[in-house]
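In: here is a sequence together with a model predicted from it:
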Amino acid sequence: MDGHIRELQRALIAFADRHKNAAMPGYTHLQRAQPILFAHWCLAYFEMLKRDRERLADARKRVNVLPLGSGALAGTGFAVDRNAVAAELGFDSVSANSLDAVSDRDFAVEFTADCALVMVHVSRLAEDLILYCSQEFGFVTLSDAVSSGSSLMPQKKNPDALELLRGKAGRVFGHNTGLLAMLKGLPLAYNKDMQEDKEAVFDTADIVNISLRAAKVVLDNAALNEARVSSAAYTGYLNATDLADHLVKKGMPFRTAHEIVGKAVLHAIEKGKELHELSIDELKAFYPDIDENVAAALVLDSSLDSKSVEGGTSRDRVANALAAAHEYLNDES
């Protein structure tokens, strides 16, 4: 599974590399918020998957424990060198309490919980791409190999693979919830209810592995409409926060700047203009002391490059993050 997550990370970074200079809108509440680089979006999912790998690796410390020698619940009466058996079979340690070892299914719950988070991230990726490939967005084009037509409507191209990924996530969540519900009322030690753990664990592993592989195929064959995303990034008043920031840097309290920019945006909407299309005289109607350099702050590239804090979406920061991602993946090759 770790290998499949790593390959999906590679696919994300390859997608970012193919379009490393493309800008797009960033969204909050599914409304255009601020411009970001498309590669920054790819790197966000890369980081989610990185945490998934760390969680699964950490879980191994508690999962890879030898229960052999615990007997029915009290321990075995035979002289078994449990540590030698653990070493021979590849376990990291032996269980410390026979009663706990027989009763415990924490490893199954933890594994399915970690897998549920993997599927949360895969599902969110799928949902973003489902939106982005719709005609309303038009940001991404999916391969025919991961899409289907409609049995009724000839014009349709449905994102089947992505919808299936989104749906499979719920199945994994159900397995984790089912295990918790099964365990919550069990007395020590073994009870037949515990047979339910097999289907939950094995089906979860199968679903996650095939979902990761399918998501990689989707990304490997997806195309970004750079003209469309860049146009969207440059319209919709995404530079309003940059104007407010510009005023704050000149000494204005943010609350005041927020109010002034809000009025300027309403004026631009009424005039059918973008914020950067307003003349300096129009802007001075809302704040007479606004300086002539304000136009530079409203340019898309300036907006992007001003976010130069570590983890930000400036071109330099994103380039560094991509280089770090490549190094991270290459170190494991």
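Out: Looks like it came in fine. Residues are numbered from 1 along each chain as shown.

In: can you list contacts of stretch 274-294?
Out: Contacts with stretch 274-294, where a contact means Cβ atoms under 8 Å, 6 or more residues apart in numbering, come from 234-235, 237, 239-240, 243, 246-247, 250, 260, 263-265, 267-268, 271, 295, 298-299. Heads up, the C-betas are built off the backbone N, CA and C, glycines and all.

In: show the buried residues in the residues you listed.
Out: With burial judged by 16 or more other Cβ atoms under 10 Å, the buried subset of those is 234, 237, 239-240, 243, 246-247, 260, 264-265, 267-268, 298.

In: tell me the buried residues in the lowest-mean-pLDDT helix or strand in the chain?
Out: Using mean pLDDT, DSSP states H and E, helix 294-297 stands out as the lowest-scoring helix or strand of the chain, at a mean of 88. Buried positions in helix 294-297, judged by neighbour count with 16+ other Cβ under 10 Å: 294, 297.

In: distance from the chain centre to that helix, please.
Out: With Cα atoms, centre = their mean, to the nearest Å as the basis, helix 294-297 stands 33 Å off its chain's centre.

In: so this structure: which segments form each domain?
Out: Following the assignment in automatic domain parsing, the chain carries domains at 2-67+104-232, 68-96, 235-330.

In: which of those domains is buried the deepest?
Out: Across the domains of the chain, the average number of neighbours (mean count of other Cβ atoms under 10 Å) peaks for domain 2-67+104-232, which reaches a mean of 17.

In: mean confidence score for that domain?
Out: What domain 2-67+104-232 shows for mean pLDDT is 96.

In: for it, the distance to its chain's centre please.
Out: Worked out by Cα atoms, centre = their mean, domain 2-67+104-232 lies 8 Å from the chain centre.

In: just stretch 94-112 next, same as before
Out: Taking Cα atoms, centre = their mean, one finds stretch 94-112 lying 30 Å from the centre of the chain it belongs to.

In: can I get it in CSV, CA atoms only?
Out: Extracted in CSV, the C-alpha atoms of stretch 94-112 (Å, rounded to 0.1, in the frame of the first residue of the first chain):
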residue,chain,number,x,y,z
VAL,A,94,6.1,-9.8,21.2
SER,A,95,2.8,-9.0,23.0
ALA,A,96,3.3,-8.2,26.7
ASN,A,97,0.0,-9.7,28.0
SER,A,98,-1.6,-12.9,26.8
LEU,A,99,-5.2,-11.7,27.8
ASP,A,100,-4.7,-8.5,25.9
ALA,A,101,-3.2,-10.2,22.9
VAL,A,102,-6.2,-12.5,22.5
SER,A,103,-8.7,-9.8,23.1
ASP,A,104,-7.0,-7.0,21.1
ARG,A,105,-8.2,-5.9,17.7
ASP,A,106,-6.8,-2.4,18.0
PHE,A,107,-4.5,-3.2,15.1
ALA,A,108,-7.5,-3.7,12.8
VAL,A,109,-9.2,-0.6,14.0
GLU,A,110,-6.0,1.5,13.6
PHE,A,111,-5.3,0.1,10.1
THR,A,112,-8.8,0.7,8.8
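
In: what does that stretch contact?
Out: With Cβ under 8 Å, 6+ apart, stretch 94-112 has contacts from 56, 59, 62-63, 65-67, 69-75, 82-83, 86, 172, 175-176, 179-180, 183, 186, 188-190, 194, 197, 200-201, 204-205.

In: ranges for the strands of the stretch 101-250 of the chain?
Out: Taking DSSP state E, counting those that start in this stretch as the test, the strands found in the stretch 101-250 of the chain are 140-141, 223-224.

In: can you put the ones you listed in TSV and add distance to residue 118?
Out: Listed next are those as TSV, based on distance: least, Cβ to Cβ, whole Å:
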stretch	distance to residue 118
strand 140-141	22
strand 223-224	24
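
In: tell me which of those approaches residue 311 most closely.
Out: Closest to residue 311 of the strands of the stretch 101-250 of the chain, according to Cβ to Cβ: strand 223-224, at 22.4 Å.
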